[in-house]
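Colleague: Below are the sequence and a predicted model; questions follow.
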Protein chains: 2
Amino acid sequence: MQGGKEAVIVDAVMQMIREKKLIPGEKLPSENELAEEFTAPRITVRKALQQLEARGHVYTIKGKGRFLKEEAKPIHLHLTGSESFTDKMTEAGYNLKTVNISCQKEPSRSPIYQKLEGNVYKVSRLRLIENEPMAIHQSYVSELAFPDIDRDGPSISSMFAYYRKHGYKEFTSNGTYLCVRFPTSEEQKRLNCNSMIPLIVLESNTIDCESGKILEFNEIIYRSDKFKYDMTR
Amino acid sequence: MQGGKEAVIVDAVMQMIREKKLIPGEKLPSENELAEEFTAPRITVRKALQQLEARGHVYTIKGKGRFLKEEAKPIHLHLTGSESFTDKMTEAGYNLKTVNISCQKEPSRSPIYQKLEGNVYKVSRLRLIENEPMAIHQSYVSELAFPDIDRDGPSISSMFAYYRKHGYKEFTSNGTYLCVRFPTSEEQKRLNCNSMIPLIVLESNTIDCESGKILEFNEIIYRSDKFKYDMTR
DNA sequence: ACACAAAAACTTGGCGCCAAGTTACGATTG
DNA sequence: CAATCGTAACTTGGCGCCAAGTTTTTGTGT
C-alpha cells in the first residue's frame, strides 16, 4: 500500500484547514490540480481526498468538486463527573432528546454473559442534541434482575428512571474504561457519520448504592468530533 | 462516494475478527473471493480491505494476500490519576524508555502564543515501552520562564526533572482536555502506526504548586490501540 | 519416481480511459 | 441586446486490463 504521497497530501490539506486557508463551504483544489502540484498520480490524490472525506472533513459533489465541511462548535462534556449525561446537557441549556432504538436479547455467544447471568437484554437509546444525533447509550440488563425488561425495554428512554421505578434510589459505578473505535455501518446510520469518525466508547456499570447490586453494564458511545471532553477532576 | 457495500464488507470482516473466526497471521479471503461473495466490484472490496489495513488490523503482501495482524494486549493506563506516565508505567513493571525527538521554537502563528508569552519552545519526547513507540509527549515552554530552554531542550527527557533542577518541587494542573485525532505523517513514522489509527490527545498544563506559576502547556499523544484507558476515579 | 524448470493460475497494485455530472463559453434566435 | 441552446471543458466516479509478485501445476529430463 503506497502511503507516502497520500499521507503528504492529507497532511497538506489538513494544514490548510487548520490554518484557516480554507473556509467552510469553500471548494478544494481539484484532483487534477493537486496531482500536478504534488507530482502524484490522480488515483493517489483521490485516495487522499477520500480519506479526508471518510474522516468527515470534506463532502463531495460529483462533477462539481469537493468542499470543506462546516464543523460545529464542540459541546463541552465533563467525562469525569458523576452526573448523568442527561443532567449535564440539560444544565448546560442544550435541547436534549432521547429516542429508544431497540431492546434486544443478547445472543448466547455474547461476552456479556461473562459478567451477567440469565437472559441479558441490550437497551439502546440514541441521544440527540438540537436534533442532531450525538451519542448512543446501551445498557445490558439481566432478566433475573428485571423480569419485565423484554416487555418494558422498547419504550425505556431513561434507565435511571426505570431503576427508580423499581425502588432503586442512588447509583454509583465501580469502574469505567475508555476506548476508541470506528462505527459499524449501523452506527454510521444512527449517528449520521462517516466511516472513519472515531467513536469514544465508555464502558461502565451502574450499581445500587444501598445494596451494592449491579443493575446493568453499559456503554456510552460518543462521536469523538462532537464534544470537547473535559477530563478535569 | 459509494459507501454501502464497502461498509458492509468492513463490518463483515470486523465481525470475523471479533468472533475469532480469523486468527492472527491467517490469510483473509482474496479480493476476488470477497467480490463474488458480496456481489461487489473488486475495487469496492479493495477499498474495504484498504480501510481495514489503514485501521491497523490487516497487513498486505503483494501477490500473496492480506493477513490478520497480531494485536498486542493493551496496557492498562489510568487516565485520571495524578501520577506521571513514567511513574505509572514503571510501577506496573514495564520497561519504559524516553527518547527526545526535538526542541523547536514555535512559529509566530502558533495558537500557543494565546496562552504563553515570549518565545515558546516545543520539547517533544517519544515514549517507548518494551522498545515499542507508544506515546509522544510535547511540552510548550516559554523562554521567559526558562531562558535556557533552547539550549537545554534537545537533551531533556523528563520535564519534571528539568523543573526540579530549577527549584520547582510539586506540580499540579488546572484542567485537562481529551480529543481524538489522526496522526500526521510525521507521527505515523514516530509511532510506527498506520494513517487511520486514532490518537488520544490529552491537553493540559503543569503548574507549580507553591507559586501557582504555569510552567508549561503540554500534550500527551497516545496511540488509542495500545492502552486500555481506565477512567475510574 | 524424483527433481527442476517453465507455464499457468492465482494474488494485490496501478493506470488509462470512458461514464456521469456540472459549468462556462460561443453561436443562434427573438 | 438578452435569452436560450448546444458544445467544449471541466469535475468526480468506475471499470477493464495490464503490471508485478507468489504459488501451483505441468512438462521434461535423469
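Modeller: Okay, I see it.

Colleague: So which bits of the helix or strand bottoming out on mean pLDDT in chain A are buried?
Modeller: One helix or strand of chain A scores below all others by mean pLDDT, DSSP states H and E: helix A:85-91, with a mean of 89. Of the residues in helix A:85-91, A:F85, A:T86, A:K88, A:M89 count as buried by neighbour count, 16 or more other CB atoms under 10 Å in any protein chain shown. Placement of C-beta: from N, CA and C, glycine included.

Colleague: One more: stretch A:110-119?
Modeller: Result for stretch A:110-119 [16+ other CB under 10 Å]: buried residues A:I112, A:Y113, A:L116, A:N119.

Colleague: Just give me the closest of these to B:S155.
Modeller: Minimum distance to B:S155 across those is 50.4 Å, recorded for A:I112 (CB to CB).

Colleague: pretty sure that closest one is touching A:K105, no?
Modeller: No: counting by CB atoms under 8 Å, A:I112 does not reach A:K105; the two are 10.7 Å apart.

Colleague: before we move on, back to that, contacts for the next helix or strand after the least confident helix or strand of chain A, please.
Modeller: Using DSSP states H and E, the helix or strand that follows helix A:85-91 in sequence is strand A:96-105. Residues outside strand A:96-105 that contact it (CB atoms under 8 Å, 6 or more residues apart in numbering or on different chains) are A:86, A:89-90, A:119-129, A:131, A:136-137, A:149-150, A:152-158, A:190.

Colleague: Chain A against DNA strand C: which residues are in contact?
Modeller: Counting by CB under 7 Å from any atom of the strand, the positions of chain A adjacent to DNA strand C are A:M1, A:Q2, A:P41, A:R42, A:I43, A:T44, A:I61, A:K62, A:G63, A:K64.

Colleague: Any idea what A:K105 is bridged to?
Modeller: Per DSSP bridges, the residues bridged to A:K105 are A:Y121.

Colleague: before we move on, the earlier item: helices - which of the contacts of strand A:96-105 land there?
Modeller: Among the contacts of strand A:96-105, the members falling in helices are A:T86, A:M89, A:T90, A:I149, A:D150, A:D152, A:R190 (criterion: DSSP state H).

Colleague: tell me which of these is nearest to DNA strand D?
Modeller: Taking CB to the nearest atom of the strand as the measure, DNA strand D lies nearest A:R190 of the ones in helices among the contacts of strand A:96-105, at 23.4 Å.

Colleague: Now intersect the residues of chain A next to DNA strand C with the helices, please.
Modeller: A:R42, A:I43, A:T44.

Colleague: Which single residue in chain A comes nearest to DNA strand C?
Modeller: A:G63 (2.5 Å).

Colleague: Now do stretch A:197-206: distance to the chain's middle.
Modeller: With CA atoms, centre = their mean, to the nearest Å as the basis, stretch A:197-206 stands 8 Å off its chain's centre.

Colleague: List the contacts of that stretch.
Modeller: A:55-56, A:79, A:139, A:159-160, A:163, A:171-183, A:187, A:191, A:214-225, A:229, B:180, B:198, B:224, B:231.

Colleague: Stretch A:16-29 too?
Modeller: By CB under 8 Å, 6+ apart, the list of residues contacting stretch A:16-29 reads A:13, A:37, A:49, A:57-58, A:64-71, B:109.

Colleague: Run through chain A and note the low-pLDDT ranges.
Modeller: In the predicted model of chain A, residues A:1-3 satisfy pLDDT under 70.

Colleague: how about the residues of it near DNA strand D?
Modeller: Going by CB under 7 Å from any atom of the strand, the residues of chain A near DNA strand D are A:28, A:30-33, A:46, A:49-50, A:60-66.

Colleague: picking up where we left off before, let me have the buried residues of stretch A:110-119 in JSON lines, extended by distance to B:R18.
Modeller: What follows is these, written out as JSON lines (distance: CB to CB, whole Å):
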{"residue": "A:I112", "distance to B:R18": "14"}
{"residue": "A:Y113", "distance to B:R18": "15"}
{"residue": "A:L116", "distance to B:R18": "19"}
{"residue": "A:N119", "distance to B:R18": "21"}
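
Colleague: And these, which is closest to DNA strand D?
Modeller: For the buried residues of stretch A:110-119, the closest approach to DNA strand D (CB to the nearest atom of the strand) belongs to A:I112, at 38.1 Å.

Colleague: residue contacts, the closest one?
Modeller: A:E106, A:V120, A:K122, A:Y140, A:F217.

Colleague: Sort out which of those residues are buried, if you could.
Modeller: Judged by 16+ other CB under 10 Å, buried ones among the contacts of A:I112: A:E106, A:V120, A:K122, A:Y140, A:F217.

Colleague: Skip ahead from the helix or strand harbouring A:D11 and say which helix or strand is next.
Modeller: Element membership for A:D11 (DSSP H and E) is helix A:4-18. Proceeding N to C from helix A:4-18, the next assigned helix or strand is helix A:31-37, under DSSP H and E.

Colleague: what about that next one and chain B, touching?
Modeller: No: using CB under 8 Å from any CB of the partner chain, helix A:31-37 stays clear of chain B, coming no nearer than 13.2 Å.

Colleague: Chain neighbours aside, what residue packs nearest to A:T90?
Modeller: A:L96 (5.9 Å; CB to CB, 6 or more residues apart in numbering or on different chains).

Colleague: likewise A:S195?
Modeller: Closest to A:S195 by CB to CB, 6+ apart is A:A54, at 5.2 Å.

Colleague: in terms of contact, does that neighbour touch A:Q188 like I think?
Modeller: No: with contact defined as CB under 8 Å, A:A54 does not count as touching A:Q188 (10.5 Å).

Colleague: Which residues are in contact with each of those two?
Modeller: A:N194, A:S195.

Colleague: how many other residues sit next to the closest residue to A:L34 other than its chain neighbours?
Modeller: Among residues not flanking A:L34 along the chain, A:V45 sits closest, at 4.5 Å (CB to CB, 6+ apart). Around A:V45 there are 23 other residues, counting by other CB atoms under 10 Å in any protein chain shown.

Colleague: ok, now which ones touch A:V45?
Modeller: A:I9, A:E31, A:L34, A:A35, A:F38.

Colleague: where does it sit relative to chain B, distance-wise?
Modeller: As for A:V45, its distance to chain B is 15 Å (criterion: CB to the nearest CB, to the nearest Å).

Colleague: Residue ranges of each domain in chain A, please.
Modeller: Domain ranges of chain A: A:4-68, A:75-230, per automatic domain parsing.

Colleague: could I get those domains as TSV with distance to B:E210?
Modeller: Shown next, in TSV, are those (distance: least, CB to CB, whole Å):
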stretch	distance to B:E210
domain A:4-68	36
domain A:75-230	26
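
Colleague: Which strands and helices lie in contact with the least confident helix or strand of chain A?
Modeller: Applying 3 or more CB pairs under 8 Å, 6 or more residues apart in numbering or on different chains; DSSP states H and E, we find helix A:85-91 packed against strand A:75-78, strand A:96-105, strand A:120-129.

Colleague: what do you get if the cut-off is 10 Å, keeping everything else the same?
Modeller: Packing partners of helix A:85-91 (3 or more CB pairs under 10 Å, 6 or more residues apart in numbering or on different chains; DSSP states H and E): strand A:75-78, strand A:96-105, strand A:120-129, strand A:132-142, helix A:159-165.

Colleague: got a list of contacts for the shortest one?
Modeller: In other words, strand A:75-78. Applying CB atoms under 10 Å, 6 or more residues apart in numbering or on different chains, the contact partners of strand A:75-78 are A:85, A:88-89, A:92, A:94, A:129-130, A:134-135, A:200, A:222, A:226-233, B:177-178.
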